[in-house]
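Colleague: When you get a sec, could you give me coordinates for this:
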Amino acid sequence: QAIDDDCNQTGQLLAAMLDWPQGTFVSRVELGAGSVRVEREVDGGLETLRLQLPAVLTADLRLNEPRYATLPNIMKAKKKPLEVIPASELGVSGGSPRLKVLQVQEPPARAGGQKVEDVATLVEKLRHAGRI
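Modeller: Got it, this is the predicted structure:
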């Protein structure tokens, strides 16, 4: 499940930052010598791509059958320690953020709606409001 509101941005942004080839919505993967062959669903059917490794792939629902965690395994996982490794130990620089939040504000409140009796009344109200 994507953390970017299912907008399919994370994989593509990562591939762009790394300057690696990308395969999105992959439903089948075959590894080769130094490359990967992927199959993805597009509007017209299926598309097959061969990408040089390393590459960034994003998965389609049909890639695997999900495994669901059982309650005993969830309880066991809660008891396991979580090891936190600083980014500096992995050789990754933190760097400065690429985005800066300038302002956050709520949108203006919406005006209440109105019910009309028929289409003619609706058209007249829209014409009077300058919408048509």
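Colleague: Need the contact partners of the longest helix seen in the chain.
Modeller: With DSSP state H setting the assignment, residue counts place helix 119-129 as the longest helix in the chain. The contact list for helix 119-129, computed with C-beta atoms under 8 Å, 6 or more residues apart in numbering, reads Gln114, Val116, Ile132. Every C-beta, even on glycine, is put in place using the N, C-alpha and C of the backbone.
Colleague: Tell me the one among those residues nearest to Gln22.
Modeller: Gln22 has its nearest neighbour among the contacts of helix 119-129 in Ile132, at 44.8 Å by C-beta to C-beta.
Colleague: Note down every partner strand of the top strand by length along the chain and its orientation.
Modeller: Using DSSP state E, we find that the single longest strand of the chain is strand 22-31. The pairing partners recorded for strand 22-31 under DSSP bridges are strand 35-42 (antiparallel), strand 56-59 (parallel).
Colleague: Pull the residues that contact the first one.
Modeller: The contact list for strand 35-42, computed with C-beta under 8 Å, 6+ apart, reads 23-30, 46-53, 55, 57, 60, 62.
Colleague: So which bits of the helix or strand following it are buried?
Modeller: Reading on from strand 35-42 to the C-terminus, the next helix or strand found by DSSP states H and E is strand 45-52. For strand 45-52, the buried set under the neighbour-count rule, 16 or more other C-beta atoms under 10 Å, comprises Leu49, Leu51.
Colleague: Direction included, what does strand 45-52 pair up with?
Modeller: In the sheet, strand 45-52 lines up with strand 35-42 (antiparallel) (DSSP bridges).
Colleague: What is the end-to-end distance of stretch 55-62?
Modeller: 20 Å (C-alpha to C-alpha, to the nearest Å).
Colleague: Relative to the whole chain's centre, how far out is that stretch?
Modeller: Using C-alpha atoms, centre = their mean, to the nearest Å, the distance from the centre of stretch 55-62 to the centre of the chain it belongs to is 11 Å.
Colleague: Okay, buried residues for it please.
Modeller: If you call a residue buried by 16+ other C-beta under 10 Å, then stretch 55-62 has these buried ones: Ala55, Val56, Leu57, Thr58, Asp60.
Colleague: Show me what the second one bridges to in the sheet.
Modeller: Note on Val56: beta-bridge partners by DSSP bridges are Gln22.
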